[in-house]
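Based on what follows, work out the 3D shape:
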Amino acid sequence: MTMTVAKATRTSAAHGDTRIKSLIALIDVLTALVAEENAELAKGLPASRLKQVDEKNRLAEMFERTVAECAAGTTSLNVPDRILREQLMERILKLRAAMDENLVRLRAAIEASNRRIEAVMQAIREQIAAVSPYGASGRVAARSVSSGTSRSA
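Residues are numbered from 1 along each chain as shown. This is a model prediction of the structure:
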């Protein structure tokens with residue numbers, strides 16, 4: 001192997017390691033953010049009030065772009081360093097577990113929000129029905145009139 005080819009191979013490997021380390025750092029930040037969101041969802045906070053949503057979406061888009069590039073063959077994540085490859089796989093598995101939990105918690109938060117909305121709507125319906133001049137048939141309901149005698153001395 002000539003000196004130039006060996007140097008190019010080392011440079012390419014170093015660039016690949018840098019990309020992998022950068023991807024691992026992205027996964028670590030995304031995993032921490034999802035774990036934080038999961039903790040807030042576990043406390044019962046509505047999904048709409050979470051502060052992590054925008055940042056999580058931004059980081060997830062970056063991660064998805066990298067995965068799409070790998071799938072399309074425009075980027076290679078061939079990791080010759082066994083330790084680095086194991087770190088990457090470990091991080092991906094942690095992210096997957098956090099995202100699975102996130103999905104379950106978000107679904108539960110959405111269902112809870114829907115139940116709250118339905119309870120409010122039911123209370124509004126009952127309140128309207130109690131003061132409505134119309135009966136169930138859509139006709140003006142006959143109001144009961146109390147008649148009493150007034151005694152004055």
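
Double-check S76 against I20; I have them as touching.
No - taking contacts as CB atoms under 8 Å, S76 lies outside contact range of I20: 10.5 Å. Just so you know, the C-beta spots here come from the backbone N, C-alpha and C atoms, and that holds for glycine as well.

Now do L95: how many residues are near it, please.
19 (other CB atoms under 10 Å).

meant to ask about P80
A total of 9 residues lie near P80 under the criterion other CB under 10 Å.

who's more crowded, S76 and I20?
Counting neighbours by other CB under 10 Å for S76 and for I20 shows that I20 has the greater number, 18 against 10.

any idea how far the more buried one lies from F63?
Distance, I20 to F63, by CB to CB, to the nearest Å: 13 Å.

Point out where the protein drops to low pLDDT.
Applying pLDDT under 70 to the chain flags residues 1-16, 47-49, 135-136, 141-153.

what about the longest helix in it?
helix 82-131 (DSSP state H).

just how off-centre is that helix within its chain?
7 Å (CA atoms, centre = their mean, to the nearest Å).

Surely L77 is in contact with I24?
No - judged on CB under 8 Å, L77 makes no contact with I24 at a distance of 10.8 Å.

Perfect, that will be all.
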